[in-house]
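Engineer: Model the structure of this input:
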Amino acid sequence: MRVIVITDPEFLPGEAEAVTALLDAGAWRVHVRKPGAHAEDVSALLDVVPERYYSRISLHDCHDLALRYGLGGVHLNSRNPVPPSGFAGLVSRSCHSFEELGRYAGKCDYMFLSPVFDSISKRGYSSHFSLEDIKSKSGIVNDRVFALGGVSADNIGLLPDAGFGGAAVLGFLWEPYKHDRDVQNLVRRLRSILDVFKN
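Structural biologist: Okay, here's the model as predicted:
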């Protein structure tokens, strides 16, 4: 199962080094999601990440930087509904219903479905789906759909049986990091997720 890391919406101390460590540790991709951020601030983050990892980074905003840096992906949303002209990398999108998954399936390389579990980073943002409902949508929920929302080491093992091809993780990783700023602990949390699928 592929695991995507989504950054915290705020810029965090040591974040570029943390992103690099997560990619080193086996994250499939990192999505840089900084709504409302200036392109200069996103550039400053990318400048510290080794260029060898640019192909595994997707941007949610400031899509022109994906072209400038040769990044591997852009993520579409209401603020940025189409990829920049000339972009040839991976295109992804967030969806919040089965109908949206069907609508965008032919336009995206992969999609997020959220919230699958109760969110860790957004208080009161509760799951909109039961795993049984998701299983019943096997033609729609497939290996190009990633579960987002409340994903942790305790529940990620439930996702392959529901048909997901991967998971996107945010709060489980970054909420503790915002308090301890410990990259080693951050990497341990990612590995606790990846280890679920080693056996």
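Engineer: What residues sit buried inside the one helix or strand in the chain whose mean pLDDT sits lowest?
Structural biologist: Within the chain, confidence by mean pLDDT, DSSP states H and E is lowest for helix 131-135 among all helices and strands, at a mean of 90. When neighbours are counted by 16 or more other CB atoms under 10 Å, the buried residues of helix 131-135 are found to be L131, I134. Any C-beta I mention is one placed from the backbone N, CA and C, and that applies to glycine too.
Engineer: can I get the CA coordinates of that helix in CSV?
Structural biologist: Listed next in CSV are the C-alpha coordinates belonging to helix 131-135 (Å, rounded to 0.1, in the frame of the first residue of the first chain):
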residue,chain,number,x,y,z
LEU,A,131,-15.9,0.9,5.4
GLU,A,132,-18.9,-1.3,4.4
ASP,A,133,-20.2,1.5,2.2
ILE,A,134,-16.8,1.9,0.6
LYS,A,135,-16.5,-1.9,0.0
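Engineer: and it, how far out from the chain's middle?
Structural biologist: Helix 131-135 has its C-alpha centroid displaced from the chain centroid by 21 Å (CA atoms, centre = their mean, to the nearest Å).
Engineer: what's whichever helix or strand comes after that helix packed up against?
Structural biologist: Toward the C-terminus, helix 131-135 is succeeded by strand 145-148 as the next helix or strand (DSSP states H and E). Helices and strands touching strand 145-148, as assessed by 3 or more CB pairs under 8 Å, 6 or more residues apart in numbering; DSSP states H and E, comprise strand 2-6, strand 110-113, strand 166-169.
Engineer: One more pass at 10 Å, please.
Structural biologist: Here strand 145-148 is seen to pack against strand 2-6, strand 90-95, strand 110-113, helix 131-135, strand 166-169 when contacts are counted using 3 or more CB pairs under 10 Å, 6 or more residues apart in numbering; DSSP states H and E.
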